[in-house]
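Undergrad: sequence unavailable; structure follows:
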């Protein structure tokens, strides 16, 4: 299984949350969106452990099992389709989450997140990582 980690899944993995760790261990490949990196960097800058968190993220992304994916034209097209569909349904998501969903769909990956609003995205393979 190919997975893409949402921001909260990465944070939960760093905290040792079992539900996320199990999914990560069972994955064939792990993808990471540059949009997630942006959310994390923002959080790091808002906190008191910027250097430590930045170093740990860098080490995580250097692992051979992790692949960072950039935004492409295909990502933008998927984002536009998701945003338009959700607007028609009256169920908008935060903008960054629509980009993250677009990345997962483009990559053919299951999105790992505890954000239940991802269930509103038609065609998105989503793994709810909410701790039991």
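TA: That came in fine, so what should we check first? Nothing here was measured: the structure is a model prediction, and the numbers come from that model. Numbers count the residues shown, from 1 in each chain.

Undergrad: residue most distant from the centroid, this structure?
TA: The C-alpha centroid of the chain is most remote from residue 88, which lies 23.8 Å away (CA atoms, centre = their mean).

Undergrad: and the helix or strand harbouring that residue, what does it pack onto?
TA: Per DSSP states H and E: residue 88 is located in helix 73-89. Here helix 73-89 touches helix 95-107, going by 3 or more CB pairs under 8 Å, 6 or more residues apart in numbering; DSSP states H and E. Yep, even glycine has a C-beta here, placed from its N, CA and C like the rest.

Undergrad: in a strand, residue 48, correct?
TA: No. Counting by DSSP: H, G, I helix; E, B strand; the rest coil, residue 48 is not part of a strand but coil.

Undergrad: and it, how far from residue 93?
TA: Using CB to CB, to the nearest Å, one obtains 29 Å as the distance from residue 48 to residue 93.

Undergrad: compare these two and say which is more crowded by neighbours.
TA: Neighbour count, other CB atoms under 10 Å: between residue 48 and residue 93, residue 93 has more, with 18 against 7.

Undergrad: pLDDT score for the residue lying closest to that one once chain neighbours are set aside?
TA: Closest residue to residue 93 apart from its sequence neighbours, by CB to CB, 6 or more residues apart in numbering: residue 117 at 5.3 Å. On pLDDT, residue 117 comes in at 95.

Undergrad: now do the phi/psi pair for residue 117.
TA: phi -70, psi -10 (degrees, to the nearest 10).

Undergrad: pLDDT weak spots in the chain?
TA: Under the criterion pLDDT under 70, no range of the chain is flagged.

Undergrad: report the central residue of it.
TA: Most central in the chain (CA atoms, centre = their mean) works out to residue 6, at 2.2 Å.

Undergrad: that one touches residue 113, doesn't it?
TA: Yes. Residue 6 lies in contact with residue 113 (CB atoms under 8 Å); the separation is 3.4 Å.

Undergrad: if we can go back for a sec, now do the contacts for the residue nearest to the centre of the chain.
TA: For residue 6, the contact set (CB atoms under 8 Å, 6 or more residues apart in numbering) comprises 36, 97, 100, 111-115, 118.
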